[in-house]
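A.B. asks: Give the three-dimensional model of this entry:
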Amino acid sequence: MTASTPSVRLASDFPGPALPWPLLRAVARIADAPLSAIAERLREAVLPYTGGDALVIFTEECTGRPQKKAGDDEVVARVSIGELQELRGVVASGEPWTGTAQIAGAQRQAFALKYAPSNALLVVTYPGTAAGRQQAVDVESMDMALVSYLWEMAARRIQEKVKDAPPSYLLESRAASAERIRVTSELVDLHSTTLETILAAARSGSLDDATARVTVSDAAAKALVELRTHNDQTAELVKEPVASAFERLREDLRPLTRFSGIDVQFIEPPLNGRALPGEVAIAARAVVRGLLLAMMEQPEIRRVRTQWDCDGENLLINVRDDGRGGLSADAPNMERLQRRVQALDGRMEVDLMPGWGADISVTLPLDPPAFPADVSGWNLAARELEVLQLLAGGQRNRSIAAALNISENTVKFHVRNVFRKLGVASRTEAIALAHTHGLR
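C.D. replies: So this is what the prediction gives:
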């Protein structure tokens, strides 16, 4: 017998409808997307079905960067957390929403979906504003089941990436959170002073028009309340009460422990404990989950206890089991947990007692650690480094130009080069990354 040449069959040789290869590729790209690219890849996937000029994801899973955006620069650059929070409040979980909403400083037509498990919000905006012609949003023509599937895949991908985030992500996210609070606080101080001045003038007896005084006073008082509320909302995004963070841990572990046959005991933290920065809460849940998995792999484990406490400066975690003390502190999974703890300047102590079990204590500081400046890997020119240092200090382009005796256009040129070398897309990202590396 002679060997025959194997035949190659094409997709067209198979009966049935053709496979939607572009859609399958889009699904694969979402499934493989890093956090920085997930908005762009989701937009590519849903654009044929939803249309629109911009796509925004709003998720509190990523405390440092709760917005993930792609599309029209006008929307991407100006959409705010306050606008997205307000829109999320009127969107029912799992139900498509269409209408006009305040987005990026203007009334825009929008389509929105909310993912219930994480409360994440998807928003697609359409061209036009309330002042001009608007594009109608035709939900009936959308393949809503497909759009919902792609959105839920992206939302789950975000959850998975945050849970498994490397130490570098935690550091950058924490720095971004701190930077957003700092900027917001400065804005609050600035506008509060301005509005309080207006109030003082409006209440002055030297003004004759009583109606004008009442009108100005009411408007300014309302603006002050809104500004303070915005500040509180921003702070809440990057902090989580310790009790609710622990409850989320319990919910996360419920499916894991339900059928394990192991008695998992939860010792709750005090209700008045200090609120946790988002990155600390995420890391704490990941560490406890990892420790529980490692302990459950041991034979003859009947009981595991996990306890959280707070001493005002640190989150204190203790996990212990009633096994034989055979857990290896050098195992790869334990080393990964060690690195995650160290990324937040914390420490993990493993006490293994043969015949008595494992007792593991973790301490996570609640305040950001200080890092020595090391920016050599960025290959910045001397002038670019000077610009970045001033940028990290909160200076605007005009102030940087005055400090370095150069024009604002030259500052913009250096800022663009800095963004390119750092691999960032905004001032906030550049400042957060600079702070992470010790530049202030």
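
A.B. asks: Give the burial count for residue 342, as a bare number.
C.D. replies: Neighbouring residues of residue 342 were enumerated by other CB atoms under 10 Å; the total is 13. Bear in mind the C-beta positions are built from the backbone N, C-alpha and C, glycine included.

A.B. asks: so it is in which element?
C.D. replies: If you go by DSSP states H and E, residue 342 is part of helix 332-343.

A.B. asks: other SSEs contacting that helix?
C.D. replies: Under the contact criterion of 3 or more CB pairs under 8 Å, 6 or more residues apart in numbering; DSSP states H and E, helix 332-343 touches helix 167-202, helix 278-296, strand 347-353.

A.B. asks: Tell me which residues of that helix come out buried.
C.D. replies: Buried residues in helix 332-343, defined by neighbour count with 16 or more other CB atoms under 10 Å: 334, 336-338, 340-341, 343.

A.B. asks: do the same with stretch 286-304
C.D. replies: By 16+ other CB under 10 Å, the buried positions in stretch 286-304 come out as 286-292, 294-296, 298, 301, 304.

A.B. asks: any idea how far the residue nearest the centre of the chain lies from residue 321?
C.D. replies: Residue closest to the mean C-alpha point of the chain, counted by CA atoms, centre = their mean, is residue 62 at 1.7 Å. Computed as CB to CB, to the nearest Å, the residue 62 to residue 321 distance reads 32 Å.

A.B. asks: next one: residue 213
C.D. replies: 69 Å.

A.B. asks: of the two, who's got more company?
C.D. replies: It is residue 321, of residue 213 and residue 321, that has more neighbours when counted by other CB under 10 Å, with 27 against 17.

A.B. asks: May I have the beta-bridge partners of the more buried one?
C.D. replies: Using DSSP bridges, the beta-bridge partners of residue 321 come out as residue 304.

A.B. asks: Tell me the buried residues in the helix or strand hosting residue 85?
C.D. replies: Under the criterion of DSSP H and E, residue 85 resides in helix 81-88. Within helix 81-88, the residues that count as buried by 16+ other CB under 10 Å are 81, 83-85, 87-88.

A.B. asks: partners of the helix or strand following it, with directions?
C.D. replies: Toward the C-terminal end, the helix or strand that comes next after helix 81-88 (DSSP H and E) is strand 97-103. Using DSSP bridges, the neighbouring strands of strand 97-103 in the sheet come out as strand 106-115 (antiparallel).

A.B. asks: can you pull the buried residues of the partner strand?
C.D. replies: Using 16+ other CB under 10 Å as the burial criterion, the residues of strand 106-115 that qualify are 106, 108-115.

A.B. asks: where in the stretch 301-440 of the chain is pLDDT low?
C.D. replies: Across the stretch 301-440 of the chain, the ranges flagged by pLDDT under 70 are 368-376, 436, 438-440.

A.B. asks: the helices in it, which residues?
C.D. replies: 332-343, 382-392, 397-404, 408-422, 427-436 (DSSP state H, counting those that start in this stretch).

A.B. asks: Single out the most deeply packed of those.
C.D. replies: Among the helices of the stretch 301-440 of the chain, the stretch with the highest mean neighbour count (mean count of other CB atoms under 10 Å) is helix 427-436, at a mean of 22.

A.B. asks: That one vs helix 382-392, what angle?
C.D. replies: Following axes from the mean of the first three to the mean of the last three CA atoms, to 10 degrees, one obtains 100 degrees for the angle between helix 427-436 and helix 382-392.

A.B. asks: CA atoms only: put helix 427-436 into CSV for me.
C.D. replies: Output for helix 427-436, consisting of C-alpha atoms alone and laid out as CSV, is shown next (Å, rounded to 0.1, in the frame of the first residue of the first chain):
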residue,chain,number,x,y,z
ARG,A,427,-2.1,63.4,33.4
THR,A,428,-3.7,61.4,36.2
GLU,A,429,-2.1,58.2,35.0
ALA,A,430,1.3,59.9,34.7
ILE,A,431,1.1,61.4,38.1
ALA,A,432,0.0,58.1,39.7
LEU,A,433,2.9,56.2,38.1
ALA,A,434,5.3,59.0,39.1
HIS,A,435,4.1,58.8,42.7
THR,A,436,4.4,55.0,42.6
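
A.B. asks: and the angle from it to helix 408-422?
C.D. replies: Regarding helix 427-436 and helix 408-422, their directions subtend 60 degrees when assessed with the same axes, to 10 degrees.
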